[in-house]
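Student: this is a predicted model, with the sequence first.
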Amino acid sequence: MASAGTAPPPPANLPRIVAASLIGTTIEWYDFFLYGSAAALVFNKLFFPDSDPLVGTLLSFLTYAVGFAARPVGALAFGHYGDRLGRKKLLVLSLLMMGGATCAIGLLPTHATVGSAAPVLLTALRLIQGFALGGEWGGAVLLVSEHGDARRRGFWASWPQTGAPAGQLLATGVLSALTALLSDDAFESWGWRVPFLLSGVLVLIGLWIRLSVDESPVFKAALAQAEARKAAAGRDGAAAEKMPLVAVLRHHWRDVLVAMGARMAENISYYVITAFVLVYATSDHVGLGKQTALNAVLIASAVHFAVIPAWGALSDRIGRRPVYLLGAAGVGAWAFPFFLLIDTEDFSALVLAVTVGLIFHGAMYAPQAAFFSEMFATRMRYSGASIGAQFSSVAAGAPAPLIATALLADYDSATPIALYVIAAALLTLVAVGAAKETRDRDLASVEPAAAPSPPPAPKPAGHRARSGSGQ
């Protein structure tokens, strides 16, 4: 295994490659968060008007959750073909799918026009959004990770991660501007469509940048070596290259479990800090206004955007695991102070609570891109990273706001919610603690070297095997 110090110099166009990944992830997250905001503001009235207002809101949020269910399917499909055809082609496809579905939502007829067909069409488009997002993340971080500059891989690969706070800032900012400029009737009539249609303009910009960058050189080299092996092995060898998913589960099953465990605290804490906080802060338990809570999240998201690259750079200096473990321990330790600060009903305390929470979250989210990329061999990296990241979101991020809301309703206290976050943090600490440091791994390695694959490789003749796993 080559160390990062022997890697070739980064390409001169690396900043453009980073920009291509960042703008794509920003657009994808803009579309994803925009749907969630619209579900809370208008979808209950426009697509579920026959229901009780609270039931209509729950139904609109259920269509939001459908997007999470589609993400693992997207991870499987995009990972499979991304490992066979390349990162760039699949990233272009994911951007077109997400942008197309979002624009189509902006053109949808409402329940008043087509009746029950309206929520059905809305749900179908939400499925497409989730499917596309499930394939976007893995390709975006791999395109950056595999383009060189191994010594600063954590820093450069963390930039696509800033797409999440950037997308949230953009979506919330556009909606806030429209609600400030338009009357409630105008916003419900046509104003809500504007941010969805705006996605089409953003997609054109993203496509222009993404189509101008090259395919990952690491993938191209691995593909050439795979083709050479196919030619030498014949039909059986060709068949063995067709299923990256099978190879991932055979050679990297432990890394997939580590990635899923690592995502638990990261994903749960993020949706508690940014989504459930809007419920908790505006509930009768606290009593702050919606705009006050939203402003706190906006300020904290701006800080979140700024600290992610800093955490990524630190992971290049001290390793992925120490930074990730610090973030997991931090969100666990901050769980009780987070709610105690909000309970003061003071805006500055609310901003402090959310900001510190997102700073600790960034310590997990920033090195995650490089960490997951370095776990897997090249021809199964898209599949492995995507599966590990997206399958866990169904059990972590998707139900987190619902679980937190149910706990608040049952106990009328933040204590069980804080314990829920702490439990997730402990699970992540165990998972990342069991992993090996990956900072110095060579991404050009084609063979599965990152995780044990039973049976172990035989020792050379004349040498006795040591006791233990050898890992």
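Tutor: Received, thanks.
Student: thinking residue 156 is in contact with residue 144, fair?
Tutor: Yes - here residue 156 lies in contact with residue 144, judged by CB atoms under 8 Å, at a distance of 5.3 Å. No exception for glycine: its C-beta is placed from N, CA and C like everyone else's.
Student: let's verify residue 215: helix, strand, or coil?
Tutor: coil (DSSP: H, G, I helix; E, B strand; the rest coil).
Student: what distance do you get for it to residue 223?
Tutor: 9 Å (CB to CB, to the nearest Å).
Student: same question, residue 187
Tutor: 50 Å.
Student: any residues in contact with both of residue 215 and residue 223?
Tutor: Shared contacts of residue 215 and residue 223, defined by CB atoms under 8 Å, 6 or more residues apart in numbering, comprise residue 86.
Student: those two: which is more packed in?
Tutor: residue 223 (20 against 16; other CB atoms under 10 Å).
Student: next up, phi/psi of that one, please.
Tutor: Taking degrees, to the nearest 10, you get phi -60, psi -40 for the backbone angles of residue 223.
Student: which pLDDT value belongs to it?
Tutor: Per-residue pLDDT puts residue 223 at 78.
Student: so who does it touch?
Tutor: 86, 379.
Student: now for the helix or strand in which residue 280 is found, which elements pack on it?
Tutor: If you go by DSSP states H and E, residue 280 is part of helix 277-282. Secondary structure elements in contact with helix 277-282, counted by 3 or more CB pairs under 8 Å, 6 or more residues apart in numbering; DSSP states H and E, are helix 290-318, helix 320-342, helix 347-375, helix 400-411.
Student: now the angle from the third one to helix 320-342?
Tutor: The directions of helix 347-375 and helix 320-342 differ by 160 degrees, with axes from the mean of the first three to the mean of the last three CA atoms, to 10 degrees as the criterion.
Student: what is the mean pLDDT for helix 347-375?
Tutor: Helix 347-375 comes out at a mean pLDDT of 96.
Student: ok, the residue most central in space within the chain - contacts?
Tutor: Geometric centre of the chain, nearest residue: residue 137, 6.0 Å, by CA atoms, centre = their mean. Residue 137 sits next to 25, 160, 385-386, 389-390 when contact means CB under 8 Å, 6+ apart.
Student: and it, what element?
Tutor: For residue 137, the enclosing helix or strand under DSSP H and E is helix 117-145.
Student: run the chain-centre distance for the helix holding residue 280.
Tutor: 23 Å (CA atoms, centre = their mean, to the nearest Å).
Student: contact partners for the closest residue to residue 261 other than its chain neighbours?
Tutor: Spatial nearest neighbour of residue 261, chain neighbours left out: residue 431 (2.5 Å); criterion: CB to CB, 6 or more residues apart in numbering. Contacts for residue 431 (CB under 8 Å, 6+ apart) come out as 257-258, 260-262, 264.
Student: which one (most neighbours) among those?
Tutor: Counting neighbours by other CB under 10 Å, the top entry in those is residue 262, with 32 neighbours.
Student: so how far is residue 315 from it?
Tutor: Residue 262 is 13 Å from residue 315, by CB to CB.
Student: pretty sure residue 17 contacts residue 147?
Tutor: Yes - with contacts counted by CB under 8 Å, residue 17 reaches residue 147, the gap being 5.1 Å.
Student: thinking again about what came up before, check which residues of the helix holding residue 137 are buried.
Tutor: For helix 117-145, the neighbour count (16 or more other CB atoms under 10 Å) marks 118-119, 121-122, 125-145 as buried.
Student: on that earlier part again, distance of the residue nearest to residue 261 relative to residue 257?
Tutor: Here the criterion is CB to CB. By it, residue 431 lies 7 Å from residue 257.
Student: likewise residue 110?
Tutor: Using CB to CB, residue 110 is found at 44 Å from residue 257.
Student: hey, what's in contact with both of residue 156 and residue 144?
Tutor: Common neighbours of residue 156 and residue 144 (criterion: CB under 8 Å, 6+ apart): 14, 18.
Student: before we move on, back to that, switch the contacts of residue 431 over to CSV; also include secondary structure, pLDDT and distance to residue 401.
Tutor: Listed next are the contacts of residue 431 as CSV, based on DSSP: H, G, I helix; E, B strand; the rest coil; pLDDT from 0 to 100; distance: CB to CB, whole Å:
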residue, secondary structure, pLDDT, distance to residue 401
257, helix, 92, 25
258, helix, 94, 25
260, helix, 94, 20
261, helix, 95, 21
262, helix, 96, 21
264, helix, 96, 15
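Student: okay, residue 35: pLDDT?
Tutor: Looking at residue 35, its pLDDT reads 78.
Student: swap in residue 176?
Tutor: 77.
Student: is it true that it touches residue 294?
Tutor: Yes - taking contacts as CB under 8 Å, residue 176 lies within contact range of residue 294: 7.4 Å.
Student: out of the two, which sits in the busier spot?
Tutor: Regarding residue 176 and residue 294, a neighbour count based on other CB under 10 Å identifies residue 294 as having more, with 18 against 15.
Student: any regions of the stretch 101-250 of the chain where pLDDT drops low?
Tutor: 148, 233-242 (pLDDT under 70).
Student: if you could redo that for the stretch 301-450 of the chain, that was the one I meant.
Tutor: Within the stretch 301-450 of the chain, the segments meeting pLDDT under 70 span 445-450.
Student: if we go to 80?
Tutor: Low-confidence segments of the stretch 301-450 of the chain (pLDDT under 80): 378-379, 398, 402, 444-450.
Student: tally of neighbours for residue 33?
Tutor: 21.
Student: tell me the SS of it?
Tutor: Strictly by three-state DSSP, residue 33 counts as helix.
Student: so how far is residue 92 from residue 136?
Tutor: Distance from residue 136 to residue 92, by CB to CB: 11 Å.
Student: show me where the stretch 101-250 of the chain has helices.
Tutor: For the stretch 101-250 of the chain, applying DSSP state H, counting those that start in this stretch gives helices covering 111-114, 117-145, 153-158, 163-181, 184-186, 193-210, 217-233, 235-240, 244-251.
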